[in-house]
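Peer 1: Any chance you can model this:
(one chain, ligands or ions: 1)
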Amino acid sequence: MRIRLRRSGHRDETEQRWPRGARELPVVKASAEARPASSQGGGERWRDTVGTAAGQTPIRLERLQALYLTGNPGFIDDSPSGTIVYDQRAVRYPAVAKLPPSEKKRILVTGGAGFVGSHLVDRLMLMGHEVIALDNFFTGHKSNLTQWFGHPNFDLVRHDVVDPYMCEIDQIYHLACPASPFHYQYNPVKTVKTSVMGTLNMLGLAKRTRARFLLASTSEIYGSPEVHPQNESYWGHVNPIGPRACYDEGKRVAETLTSAYKEQSQVDVRIARIFNTFGPRMSVEDGRVVSNFIAQALKGEPLTIYGSGEQTRSFQYIHDLVDGLIALMASDDTSPVNLGNPDEFTILQLAEMIRAEVRPDAPLVFHPSPVDDPQRRKPDITKAKAAFGWAPRFSVQQGIVETVKYFCKLFERVPYT
Ligand SMILES: O=c1ccn([C@@H]2O[C@H](COP(=O)(O)OP(=O)(O)O[C@H]3OC[C@@H](O)[C@H](O)[C@H]3O)[C@@H](O)[C@H]2O)c(=O)[nH]1
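Peer 2: Residues are numbered from 1 along each chain as shown. Predicted coordinates:
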């Protein structure tokens, strides 16, 4: 069956193939008054460039979209014969900037094949740097990086950061760690080890090579916050033995290690506290709310609301986060900085936005609230604005539209039954 996805306002309508097996299900409970609280959702000009306020040349959004919306270059899926042909000659690499040797950096991205890591790799590559992506592929995928396979500025290394890694390097973006509650609770001991041993190993590498080190920390270090919105001086409210502790406490120790290496060994550190982020390259199995809702709506399944749906989150689009990470790395700020979009939504409002974009009659189904699920979360980004002129520029609405397109492409390649 062919459907025409309903688009709200700004863009052309796009015809997409409805995933196989999509079916009608009864509405379990409707979110009658759910409406976006944000003024950002409608009416605002759609962004068409990315780039930081810290002097980076803007990159046209379509150059990035070509990397994640068009399928993997060189791969020819010959379904009738049950084979996939990889033809390296069919790969034409995206043009990368030509930097003078004094500006060209060798940059290590741990977790480089993951959702955030692969977008960061794309941007650093386009900016003209040499990039080494490190990943153990627990939640990362090679397919996020095939566009760079064989490029002289790029290396991909299968490695788990709980073991030491050596290379000569100028900067380290330390992102490696499962970030979805579903994934980080799968093996809590391993999650703690990844945060603690992984950060220790990467800080050791930064110390030996005198590299600048950026830790990807998280809004989860605030736990279930009693202060709203959360600014960087808030110490948090974390249950140290709850199911989320492996991630919350693991990242808190990672921050402690980072700041101890700064004080004790003068390592040049940056700490980003990353709030809920979404976008293309989230995997269907990720388990976080935005990808769950989009995949469920496209498959014709009910959207799963955990708890009442009145709990809130503030969702930032991936390109804004990457802008923030690069700007923070380039800044002088060595203390923790929040990176998030302060536009706050209830989960029901998010469901409503995704239904409006994909399938207005998609049913909702209510499940029990996860243990220790934070009830409100919203970043105070005054510090990032003042320190390096960063603020999110994409509306949640634009991000949802692009992410829906990505999932549609994904389902075209791998039809869901
Ligand atoms: O299908 C779903 C998934 C999630 N939810 C709810 O949606 C809210 C957001 O859940 P997510 O799993 O997307 O993300 P969380 O906010 O719980 O954790 C996230 O916090 C910030 C980041 O650092 C991490 O990416 C992640 O740990 C929660 O209240 C959750 O209970 C649903 O209602 N339905």
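
Peer 1: from here on, contacts and neighbour counts on C-alpha atoms
Peer 2: Fine.

Peer 1: For the helix or strand harbouring residue 296, name the packing helices and strands.
Peer 2: Element membership for residue 296, per DSSP states H and E: helix 289-299. In terms of contacts (3 or more Cα pairs under 8 Å, 6 or more residues apart in numbering; DSSP states H and E), helix 289-299 is packed against strand 303-306, helix 347-358, helix 396-413.

Peer 1: Name the strands paired with the following helix or strand past the second one and say parallel or antiparallel.
Peer 2: Counting by DSSP H and E, the next helix or strand C-terminal to helix 347-358 is strand 364-367. Using DSSP bridges, strand 364-367 pairs in its sheet with strand 303-306 (parallel).

Peer 1: Within the sheet, what are the partner strands of the next helix or strand after the partner strand, with directions?
Peer 2: The helix or strand immediately downstream of strand 303-306 is strand 312-314, counting by DSSP H and E. Counting by DSSP bridges, the strands paired with strand 312-314 are strand 344-346 (antiparallel).

Peer 1: The residue of the chain positioned farthest from its centre and residue 302, how far apart?
Peer 2: Going by Cα atoms, centre = their mean, the residue of the chain most distant from its centre is residue 81, 35.4 Å out. Applying Cα to Cα, to the nearest Å, the value for residue 81 to residue 302 is 35 Å.

Peer 1: now the protein, which segments are flagged as low pLDDT?
Peer 2: Scanning the chain for pLDDT under 70 picks out the ranges 1-44, 52-56, 414-417.

Peer 1: any idea which helix or strand carries the most centrally placed residue in the chain?
Peer 2: For the chain, residue 116 is the residue whose C-alpha lies nearest the centre (Cα atoms, centre = their mean; 3.9 Å). Here residue 116 sits within helix 115-126, counting by DSSP H and E.

Peer 1: Can you name the next helix or strand after that helix?
Peer 2: In N-to-C order, the element after helix 115-126 by DSSP H and E is strand 130-135.

Peer 1: Now do the same contact list for the closest residue to the residue nearest to the centre of the chain other than its chain neighbours.
Peer 2: The shortest distance from residue 116 to any non-neighbouring residue, by Cα to Cα, 6 or more residues apart in numbering, is to residue 318 (7.0 Å). By Cα atoms under 8 Å, 6 or more residues apart in numbering, the contact set of residue 318 is 116, 119, 277-279.

Peer 1: Is there a quick PyMOL command that grabs whichever of these are buried?
Peer 2: Selecting the buried subset of those in PyMOL, with 16 or more other Cα atoms under 10 Å as the burial test, is done by:
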select buried, resi 116+119+277+278+279
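
Peer 1: and the stretch 251-400 of the chain, which residues reach the ligand?
Peer 2: By Cα under 6 Å from any ligand atom, the part of the stretch 251-400 of the chain that sits against the ligand consists of 274-276, 288-289, 292, 304-306, 311, 347, 369-370, 373.

Peer 1: Buried ones among these?
Peer 2: For these, a burial check counting by 16+ other Cα under 10 Å picks out 274-276, 288-289, 292, 304-306, 311, 347.
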